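Asker: After the sequence you'll find the predicted model.
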Amino acid sequence: MNKNDHIRAVVFDIDGTLVDTLPSLAAAANDVLIQAGLHEVPMARLRAALSEGLRPMFRQALALQPSPPDARQAAQLEEDYLTHYTQRWLSAAPLFAQVPETLGALKTQGLRLGICTNRDRDSTEALLAANALTVGFDAIVGLGDAPAPKPAADPLLKVLQQLELPPSQVLFVGDSVMDARCAQAAQVRFAAHLAGYAGQPEDLLPQVMGFDAYDQLTPWVLAHLPAHKEACHA
């Protein structure tokens with residue numbers, strides 16, 4: 001292992017990676033749909049669209065209606081959905097098991113931590129606060145903070161700029177094809193959260209490792225810290 005490849009920062013996606021948000025987002029969407037006299041949409045039908053962001057997921061729910069609403073009603077329903085989600089459902093989404101312990105262990109070892117998400121900044125910060133994630137993130141880039149969202153490299157490159165680190169020294173952790181493609185475009189190593197929302201296993205390629213639980217990620221990262229350079233070879 002070249003010393004320039006040691007991991008000095010770990011960047012995380014949010015939805016399906018740190019926080020299990022799909023059930024709460026689907027519940028908020030269905031509350032609004034039913035209230036409007038539309039059809040409930042099974043959570044599984046919304047799974048893939050969530051990686052694009054909250055609004056695209058709701059637009060998918062509208063597109064699946066037997067008789068989709070007109071543009072004006074759709075726009076109003078979308079705003080109703082975001083308001084209802086924020087007020088009623090945002091705080092209901094739990095962290096995946098061992099997330100606080102993993103973040104704490106990485107921070108203790110001197111690693112910098114970042115967030116790269118297609119979720120808007122306000123709801124990202126609200127979600128982190130709702131889950132009492134007190135560990136400090138050194139960079140947070142959300143929807144609208146970069147010229148183009150994931151899968152473009154722009155958001156992750158902006159995180160790297162804020163962290164002042166090259167791609168070779170950063171690991172990006174995500175759960176979707178959007179994350180895998182973003183990491184590849186930014187030339188950053190990708191670790192796949194296999195318990196997230198990916199549609200197919202191949203969506204998470206290429207990857208340097210995949211994990212079902214965070215107690216599998218932590219030792220892998222710690223083995224790639226600069227302190228282990230004497231065990232590595234150029």
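Answerer: Great, that's in hand. Numbers count the residues shown, from 1 in each chain.

Asker: Buried residues of stretch 69-87, list them for me.
Answerer: Going by neighbour count (16 or more other CB atoms under 10 Å), the buried part of stretch 69-87 is P69, L77, E78, D80, Y81, L82, H84, Y85, T86. (Glycine included, C-beta is placed from N, CA and C.)

Asker: which ones among the residues you listed are found in helices?
Answerer: Among the buried residues of stretch 69-87, DSSP state H puts L77, E78, D80, Y81, L82, H84 in helices.

Asker: What's the separation between the first one and P219?
Answerer: Plainly put, L77 is 46 Å away from P219 if you go by CB to CB, to the nearest Å.

Asker: one step back: right, and the pair among the buried residues of stretch 69-87 with maximum separation?
Answerer: Farthest pair in the buried residues of stretch 69-87 (CB to CB) is P69 and T86. Separation: 21.4 Å.

Asker: all helices of this protein, in order?
Answerer: Using DSSP H, helices in the chain cover 22-35, 54-63, 71-84, 99-108, 121-130, 154-163, 177-186, 214-222.

Asker: Looking at these, which one is packed in the most?
Answerer: Across the helices of the chain, averaging neighbours per residue (mean count of other CB atoms under 10 Å) puts helix 177-186 on top, at a mean of 23.

Asker: hmm, who's touching that one?
Answerer: With CB atoms under 8 Å, 6 or more residues apart in numbering as the contact definition, helix 177-186 has outside contacts at 13, 17, 51-52, 116, 118, 150-153, 155-157, 160, 167, 172, 174, 189-190, 192, 198-199, 203-207.

Asker: For ChimeraX, what selects the buried ones among those residues?
Answerer: Buried subset of those, written as a ChimeraX selection, criterion 16+ other CB under 10 Å:
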select :13,17,51,52,116,118,150,151,152,153,155,156,157,160,172,174,189,190,192,198,203,204,207
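
Asker: Inside strands: which ones of the contacts of helix 177-186?
Answerer: Taking DSSP state E, the ones among these that sit in strands are C116, N118, F172, G174, R189, F190, A192.

Asker: ok, so of those residues, who is nearest I7?
Answerer: I7 lies nearest to R189 out of the ones in strands among the contacts of helix 177-186, by CB to CB, at 7.8 Å.

Asker: For that closest one, give me its contacts.
Answerer: I7, V170, L171, F172, A183, V208.

Asker: was I right about the last one contacting F172?
Answerer: It refers to V208. No. Between V208 and F172 there is no contact under CB atoms under 8 Å: 10.0 Å.

Asker: which residues do those two both contact?
Answerer: Contacts common to V208 and F172, judged by CB under 8 Å, 6+ apart, are R189, F190, A191.

Asker: for the first one, which residues make a bridge with it?
Answerer: Same thing as R189. L171 (DSSP bridges).

Asker: Look at it and report its pLDDT.
Answerer: Listed pLDDT for R189 reads 98.

Asker: Could you do A234 as well?
Answerer: pLDDT at A234 comes out at 34.

Asker: And G136, by the same measure?
Answerer: For G136, pLDDT reads 88.

Asker: for V173, same thing?
Answerer: 98.

Asker: distance of it from Q187?
Answerer: Following CB to CB, the distance that separates V173 from Q187 is 16 Å.

Asker: can you check A63 too?
Answerer: From A63 over to Q187 the distance is 34 Å, taken as CB to CB.

Asker: again, but for A93
Answerer: 31 Å.

Asker: Excluding chain neighbours, what is closest to V11?
Answerer: Leaving aside its sequence neighbours, V11 sits nearest to G114 (CB to CB, 6 or more residues apart in numbering; 3.9 Å).
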